[in-house]
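>>> Model the following, please.
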Amino acid sequence: MSSPENLDLALKEFTFEENKGTLHSLTVFIPEVLDPQYGMYVWPCAVVLAQYVWTQRGEIKHKTILELGAGVSLPGAVAAKCGATVILSDSAELPRCLDNCRRTCEANSLREVGVVGLTWGQVSPELIALPPLHVILGSDVFYEPDDFEGVLVTVTFLLRRSPGVQFWTTYQERSADWSIEALLHKWRLSCRLVPLDSFGAQSSQIGRSTLPGSHVVQMMVITAQEPEQEAPL
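Residues are numbered from 1 along each chain as shown. Alright, predicted model coming up:
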């Protein structure tokens, strides 16, 4: 990992609360690197997904969770601090993003969290070696249209291998022409939209931060469709 003195680092603090003014809260520290790579700082989708993870903390405790395209790993760090067994992943071709995953673990004393390089769309030895999962996280992984199918190939592999697993993902609306609907149909996946107000994410400021601001973010839960049954003769 690059030494901190060689980087322009900024430590951001996010605090998630059950209700404003209550003592039940969780604080996560995220080291951001001033760098043009996508995965080096917190995006609006990450704080929305982290808020959803926080509200599901009772459900994810002791569960095994993988974050795809983790970057600075805010949702994954929240999950780990809520008692989940977490694996953070980013592209095997972006070692600096993997370093950022490790920095977040260090900043939050998450010594048991694993970090692995995964390339979307490839059934690699690292992907095959993952343990059975309960939840997959992905904030803003549908950013580049050229990556959409690769993401869903990886997700489909994991959903089929661990029955009952869910993919929790947030998506920032950028273009009306970009859609994953046809790819969901192709890979036999079901998608359910989760209203932001159902988990306290309708605000422009979440986690005592200035995010997601005015950006329009959607929260989705994607699952594998049940295999079709052949009609009896």
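>>> Give the buried residues for stretch 175-185.
Under the neighbour-count criterion of 16 or more other C-beta atoms under 10 Å, stretch 175-185 has 180, 183-184 buried. Backbone N, C-alpha and C define where each C-beta goes, glycine included.
>>> roughly how far is that stretch from the heart of the chain?
Offset of stretch 175-185 from its chain centre (C-alpha atoms, centre = their mean, to the nearest Å): 19 Å.
>>> Stretch 12-28 now?
Offset of stretch 12-28 from its chain centre (C-alpha atoms, centre = their mean): 19 Å.
>>> for stretch 170-183, same thing?
So, by C-alpha atoms, centre = their mean, the centroid of stretch 170-183 is 17 Å from its chain's centroid.
>>> can I get the CA coordinates of that stretch in PDB?
C-alpha atoms of stretch 170-183 as PDB (Å, rounded to 0.1, in the frame of the first residue of the first chain):
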ATOM      1  CA  THR A 170     -27.900   2.200  -5.500                       C
ATOM      2  CA  TYR A 171     -28.000   3.900  -8.800                       C
ATOM      3  CA  GLN A 172     -27.600   7.600  -9.600                       C
ATOM      4  CA  GLU A 173     -29.800   8.800 -12.500                       C
ATOM      5  CA  ARG A 174     -27.600  10.400 -15.100                       C
ATOM      6  CA  SER A 175     -29.200   9.600 -18.400                       C
ATOM      7  CA  ALA A 176     -32.700   8.600 -19.400                       C
ATOM      8  CA  ASP A 177     -31.100   6.400 -22.200                       C
ATOM      9  CA  TRP A 178     -29.300   4.200 -19.700                       C
ATOM     10  CA  SER A 179     -31.200   1.200 -18.400                       C
ATOM     11  CA  ILE A 180     -30.500  -2.300 -17.100                       C
ATOM     12  CA  GLU A 181     -34.000  -3.600 -17.700                       C
ATOM     13  CA  ALA A 182     -33.100  -5.600 -20.800                       C
ATOM     14  CA  LEU A 183     -30.000  -7.100 -19.100                       C
END
